[in-house]
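Asks: Sequence and predicted structure are below.
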Amino acid sequence: MTNADFWKQIDTIISGGFTSEGLQMLDYYAELFINGRLVYKRFSPFEQHGCATGGATHVVASLLAAADVAANCRIPGELSFEEECQRGKTQECLIEKWSKKVGCWYDNVDESLSNLFGEQIAEGGEAHVFQHGFNLMKSIGLDYYIQPILALDRISLHNAFFPETKLTVVGFGRFRSGDFQIIVEQPYIQGSKISDAEIATFARNMGFSLINPNNWTFATPDIYLSDMHDENVIRSREGNIFVIDCDIRINVPALKAGGTRAFSTDIEITNE
C-alpha cells in the first residue's frame, strides 16, 4: 500500500461516516502501528513507540488528525493563525465523530470528571487534574497547540522521553464552554520541588541545551522542550527526578529554537 493509497482509505472511512467496517479498519491500522508494521514517518521509531504507549485510542486519533493535514497539503508552521484555527476545528470534528462512534466521548467533561472522581486537585494553564487511585486523570485543552495533531504529538513525545509518567489517552470531550479536551490517565508521583539549576542539569544530561531560562526552554535540533519549571519537574521520595508535565514538540524551524525537523504525514506499511 502506498502513502497515497493509505490516506485515500482513511478518507473513505471518514466520508463513509465511520461504519462498523471502517472502525474495524482503523483498529487494524492501530494494531499495525503499535506493532511497528505501520511506520509513521512523522516520528522516529523511538517517538512512534511513545505514541503507541499512549494506547490505541491515541494512535487512531493521531492518524485522523494527520488525515486532515495530509488532505490539505499544508502543515503546521506554514499556516496563518486563522488557517490554524480552521484546521484545528476540522480535526476536532473528525475526532469527535469517531470517538462518539466508539464510545470514548465525554459531554461536559468538567462535570463528568467531577462526578466520576470528585473535586479536582489541581489546575494548570491547559489541564484540569483529578485523583484516581494511584493515577491522575487529566483533561488537556488545546490552548498551547490549537490543532489536535500538535497536542497529540506532545503526548507521543512525552511518552517517548518520560515513560515513567506516560500519558494514556482514554477519550475526548468538550467543556460546557465548548472547548475541546483530550482526557488522559497518568501515574501519580508524589515528590518535592527542585531548583532551576537541578532541572537544567537534568535536561543537559538528556542532551538538551538551555535556550531561554525565562520560560524554562531547552532544545535539541529534533525536540523543543519547554515549561520545565519546578511544578512540572519533581524529585520523588527516593531521589529520582520525574517530568510530570511539559511542553514538548517536534522542533521545526518555525519555533526558532534551532530546530531542523520537518513535519510529515508519510506512511509506510511493511510486510502486509
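Replies: Done, it's in. Residues are numbered from 1 along each chain as shown.

Asks: Listing request: residues of the stretch 51-200 of the chain with sub-threshold pLDDT.
Replies: For the stretch 51-200 of the chain, the stretches flagged by pLDDT under 70 are 73-78.

Asks: can you pull out the strands in it?
Replies: Remark: strands assigned in the stretch 51-200 of the chain by DSSP state E, counting those that start in this stretch are 105-106, 122-123, 127-132, 135-140, 168-174, 180-187, 191-193.

Asks: Give me the buried stretch members for the fourth one, please.
Replies: So the one you mean is strand 135-140. Residues 136-140 are the ones in strand 135-140 that count as buried (16 or more other CB atoms under 10 Å). The way it works is simple: take the backbone N, C-alpha and C, and place the C-beta from them, glycine included.

Asks: got it, and the longest one?
Replies: Neighbour counts using 16+ other CB under 10 Å place 180-186 of strand 180-187 among the buried residues.

Asks: As TSV, the buried residues of strand 135-140 with distance to Ala4 would be great.
Replies: Listed next are the buried residues of strand 135-140 as TSV, based on distance: CB to CB, whole Å:
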residue	distance to Ala4
Leu136	41
Met137	39
Lys138	37
Ser139	36
Ile140	32
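
Asks: List just the nearest of those to Asn3.
Replies: Each of these was scored against Asn3 by CB to CB, and Ile140 proved nearest at 29.5 Å.

Asks: Make a markdown table from the strands of the stretch 51-200 of the chain and add distance to Phe218 to it.
Replies: Shown next, in a markdown table, are the strands of the stretch 51-200 of the chain (distance: least, CB to CB, whole Å):
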| stretch | distance to Phe218 |
| --- | --- |
| strand 105-106 | 34 |
| strand 122-123 | 24 |
| strand 127-132 | 21 |
| strand 135-140 | 21 |
| strand 168-174 | 25 |
| strand 180-187 | 21 |
| strand 191-193 | 18 |
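
Asks: got the domain boundaries for this structure?
Replies: 3-189+262-269, 191-255 (automatic domain parsing).

Asks: can you give me the end-to-end distance of the first one?
Replies: Read that as domain 3-189+262-269. 8 Å (CA to CA, to the nearest Å).

Asks: Name all residues that make contact with Gln181.
Replies: By CB atoms under 8 Å, 6 or more residues apart in numbering, the contact list for Gln181 reads 106, 109, 139-141, 172-175.

Asks: Now it. Nearest residue, chain neighbours left out?
Replies: Among residues not flanking Gln181 along the chain, Ser139 sits closest, at 4.3 Å (CB to CB, 6 or more residues apart in numbering).

Asks: The one you found contacts Phe172, correct?
Replies: No - when contacts are counted by CB atoms under 8 Å, Ser139 is not listed as touching Phe172 (9.4 Å).

Asks: where do the contact lists of those two overlap?
Replies: 181-183.

Asks: Distance to Val39 added to these, as TSV?
Replies: Below are the shared contacts of Ser139 and Phe172 laid out as TSV (distance: CB to CB, whole Å):
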residue	distance to Val39
Gln181	30
Ile182	24
Ile183	28
